[in-house]
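> sequence-free structure coming up:
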């Protein structure tokens, strides 16, 4: 039996200008952190026996993680399309929209539909590839959206759609 897994589906190549600037800042910070890590790695390697040198082993792992993320960003950023203008039909839900929803219990939730590289827990940003975002796309205010979840269908009412300027 092999450990092969099918590759994950490609995420959408869209990103907001703020998200792209955040990725650029992360790229610069990782480059600086990499230089610092290489300097520490060289100092640890100069101490002698590398097989039992905890500092050397730690710095090698850290450098591997930094290089992995740098490689990802360097491959991903040139393929991204920056969406800087709101759509002409601003009453409908498209990429970059802030959407206020009301669930069946009457609770309100505010989400922004952004690229896969911008999502983070607790920010209210959801990926354009997420099932909720897919259900909301091209819908308008006062539309009801039904989302199928493992717990059963969930209904949401779109209360507001707006785009940040």
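Cool, the structure landed. This one's a predicted model, so the numbers in the text were calculated from it and none came from an experiment. Numbers count the residues shown, from 1 in each chain.
> contacts and neighbour counts: CA atoms only from here.
OK.
> can you give me the pLDDT of residue 64?
Looking at residue 64, its pLDDT is 97.
> give me phi/psi at it?
Per-residue torsions, residue 64: phi -60, psi -40 (degrees, to the nearest 10).
> neighbours around it, how many?
13 (other CA atoms under 10 Å).
> equivalent analysis for residue 115, please.
27.
> OK, contacts around it?
12, 13, 14, 15, 16, 126, 127, 128, 129 (CA atoms under 8 Å, 6 or more residues apart in numbering).
> centre-most residue in the protein?
residue 117 (2.7 Å; CA atoms, centre = their mean).
> SS state for that residue?
Using DSSP: H, G, I helix; E, B strand; the rest coil, the three-state assignment for residue 117 comes out as coil.
> surely it touches residue 15?
Yes: in this structure, residue 117 is within contact of residue 15 by CA atoms under 8 Å, at 7.4 Å.
> for the helix ranked longest in the chain, give the mean pLDDT please.
The longest helix of the chain (DSSP state H) is helix 17-45. Averaging pLDDT along helix 17-45 gives 95.
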